[in-house]
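[1] For reference, the sequence and a predicted model appear below.
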Amino acid sequence: MVCRQVAILGSTGSIGMNTLAVIRAHPERFKVVALTAEKQIERLAQQCMEFKPDIAVVGTAEGASRLRTLLQNQHSSIQILYGPQSLVTAVTESGCDTVMAAIVGAAGLVPTLAAARAGKRVLLANKEALVMSGDLFMQAMQDGGGELLPIDSEHNAIFQCLPFGFTKAPAEHLGVEELWLTASGGPFRDRSVADLAMVSPEEACAHPNWVMGKKISVDSATMMNKGLEVIEAFWLFGLPIEKIKVLIHPQSVVHSMVRYRDGSVLAQMGQPDMRTPIAYGLAWPERIDAGVAPLSLTQLAGLSFSDPDLSQFPCLNLAFFAAKAGGTAPTILNAANEIAVAAFLDTGLPYLQISEVVNRTLDSLACVPADSLEVILAVDAQARQMASQMIQTLK
Ligand code: NAD
Ligand code: MG
């Protein structure tokens, strides 16, 4: 049995901790060689003591010195680094063969791209990285010659429903007619738009089925998350946007489906627990125990599916618009959304203005071909600045 050498970008987050939970149960299969976190130094220190990586990376010099102090009594030989460039070092210098890309947002782009270029097995949770740089990222994967395994539950489900070993071929060539991405509809599925004016971050983060980081929880409430996932599916599976459909499925049991030309529809089902797709990606092509309770169909009250009401979820509509516009439109969409969600969570931007900020930012910036990292990062920065200015004027 090969022992995979794993680097986890974003190890203190929801996906990072679920990844460590799967690894903890299979010490003979996985060795952690690098861990990274932005701010949660105490948690990272705990993880370092348990998993003894070679490299640990934090956001700032102060964070690094705090981590050093916390690990001092452990006589640890862990190399402690800080700053964005060190995230790349964690990927390229740790001797890893597998990278869990689980940093939230655009901050994950550069190290995830580095993993792609270096030919690693990339377990992709950080959907924002793919949304902002789809073409470049898929090209980097191809150039690097590594394996790309989607961790987002919907894309992992679709990957499992495609012919075994699906890599880069457009899925259309395999007789695929449509991809159906399921969506729970989030905590506000049954509430009218007028009712949402005063919702708090706590209400928006209270997802009915999944426990996740704050940013993706808000994205699930607005359904921007599903919009980002449509764009993610477009790049991963190479189907035209028109063939990627969203279905509201409140039970979150069917994680997504593939409709084939011959009339077959294949679905992947399971508990709403990210350890399943994480274990799948870590052990692929084998299947290992993920620690997830078995699914009991007879105990379910039923499974239901419906079309989303786009007037209730303007962010989903905006994502479809950006996906069709192409070029840097998804980069702008993603950057404006990150700024608006942070303002909603931290500085009281009203919930309904998240989509307004994204919409206006998309309207104000020209979309250009997203053909280099420099262009993507410049557009990302410009869109962030524009969205921040808009938030000031909206206040
Ligand atoms: P989280 O907020 O719980 O964790 C984010 C991690 O990223 C933390 O370890 C944090 O330290 C790190 N981080 C944040 N900002 C950083 C920065 N500027 N530089 C370096 N590191 C930084 O988020 P999460 O819920 O684990 O989600 C992670 C990614 O996985 C997101 O892209 C999300 O869309 C995707 N995803 C998550 C889930 C889920 O169930 N949580 C499901 C599907 C996809
Ligand atoms: Mg998802």
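    Structure's in. What do you need? Just so it is clear, the structure is predicted and the values come from calculations on it, not from any experiment. Ligands and ions are numbered 1, 2, ... in the order given.
[2] what about the strands in the stretch 201-350 of the chain?
    244-248, 254-260, 265-269 (DSSP state E, counting those that start in this stretch).
[3] Can I get those in TSV including mean pLDDT and mean neighbour count?
    Placement of C-beta: from N, CA and C, glycine included. Formatted as TSV, the strands of the stretch 201-350 of the chain follow (pLDDT from 0 to 100; neighbours: other CB atoms under 10 Å):
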stretch	mean pLDDT	mean neighbour count
strand 244-248	98	20
strand 254-260	98	22
strand 265-269	98	16
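[4] tell me which element residue 134 is part of?
    helix 127-144 (DSSP states H and E).
[5] which residue packs closest to the residue of the chain found nearest ligand 1, ignoring adjacent ones?
    Nearest residue of the chain to ligand 1: residue 13, at 1.9 Å (CB to the nearest ligand atom). Once flanking residues are discounted, residue 13 sits nearest to residue 213: 5.3 Å by CB to CB, 6 or more residues apart in numbering.
[6] what's the distance between that neighbour and residue 384?
    19 Å (CB to CB, to the nearest Å).
[7] and stretch 114-127, how far apart are its ends?
    End-to-end distance of stretch 114-127 (CA to CA, to the nearest Å): 15 Å.
[8] How far does it sit from its chain's centre?
    The chain centre lies 12 Å from the centre of stretch 114-127; the measure is CA atoms, centre = their mean, to the nearest Å.
[9] And stretch 286-293, by the same measure?
    On CA atoms, centre = their mean, the centre of stretch 286-293 falls 21 Å from the chain's centre.
[10] what's it in contact with?
    Where contact means CB atoms under 8 Å, 6 or more residues apart in numbering, the residues beyond stretch 286-293 that reach it are 21-22, 25-26, 29, 270-271, 273, 275-276, 278-280, 282.
[11] among those, which are within reach of ligand 2?
    Among the contacts of stretch 286-293, not one lies near ligand 2 by CB under 5 Å from the ion.
[12] In TSV: those, plus pLDDT and distance to residue 164.
    Compiled in TSV, these are given as follows (pLDDT from 0 to 100; distance: CB to CB, whole Å):
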residue	pLDDT	distance to residue 164
21	98	27
22	98	22
25	98	25
26	98	22
29	98	21
270	97	18
271	96	23
273	96	23
275	98	22
276	98	18
278	98	19
279	98	17
280	98	13
282	98	17
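[13] so which of those residues is the most crowded?
    If you count neighbours using other CB atoms under 10 Å, the busiest of the contacts of stretch 286-293 is residue 278, which has 28 neighbours.
[14] and the closest residue to ligand 2 within the chain, how far is that from residue 172?
    Taking CB to the ion as the measure, the chain has residue 152 as its residue closest to ligand 2, at 4.2 Å. Residue 152 sits at a distance of 21 Å from residue 172 (criterion: CB to CB).
[15] Between these two, tell me which one has more neighbours.
    Between residue 152 and residue 172, residue 152 has the larger neighbour count (other CB under 10 Å), namely 27 against 15.
[16] coming back round to it: who's in contact with the residue of the chain closest to ligand 2?
    Taking CB under 8 Å, 6+ apart, one finds 124-125, 127, 229, 232, 277 in contact with residue 152.
[17] Highest neighbour count among those residues?
    Note: the member of those with the most neighbours is residue 125, at 32 neighbours, neighbours being other CB under 10 Å.
[18] Surely that one touches residue 102?
    Yes: the pair residue 125 and residue 102 passes the contact test of CB atoms under 8 Å, sitting 4.4 Å apart.
[19] any common contacting residues for the two?
    10, 15, 151.
[20] and the spatially closest residue to residue 314 that is not a sequence neighbour, what pLDDT?
    Spatial nearest neighbour of residue 314, excluding adjacent residues (CB to CB, 6+ apart): residue 355 at 4.0 Å. In this model, residue 355 is scored at 97, pLDDT.
[21] Alpha carbons only: can I get the helix or strand where residue 355 lies in PDB?
    Assessed by DSSP H and E, residue 355 sits inside helix 353-364. Output of helix 353-364 as PDB, limited to C-alpha atoms (Å, rounded to 0.1, in the frame of the first residue of the first chain):
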ATOM      1  CA  GLN A 353     -27.200  44.200  -0.800                       C
ATOM      2  CA  ILE A 354     -24.800  41.300  -1.300                       C
ATOM      3  CA  SER A 355     -26.300  40.700  -4.800                       C
ATOM      4  CA  GLU A 356     -26.500  44.400  -5.400                       C
ATOM      5  CA  VAL A 357     -22.800  44.900  -4.900                       C
ATOM      6  CA  VAL A 358     -21.900  42.000  -7.100                       C
ATOM      7  CA  ASN A 359     -24.300  43.200  -9.800                       C
ATOM      8  CA  ARG A 360     -23.000  46.700  -9.800                       C
ATOM      9  CA  THR A 361     -19.400  45.600  -9.800                       C
ATOM     10  CA  LEU A 362     -20.000  43.300 -12.800                       C
ATOM     11  CA  ASP A 363     -21.700  46.200 -14.500                       C
ATOM     12  CA  SER A 364     -18.900  48.700 -13.900                       C
END
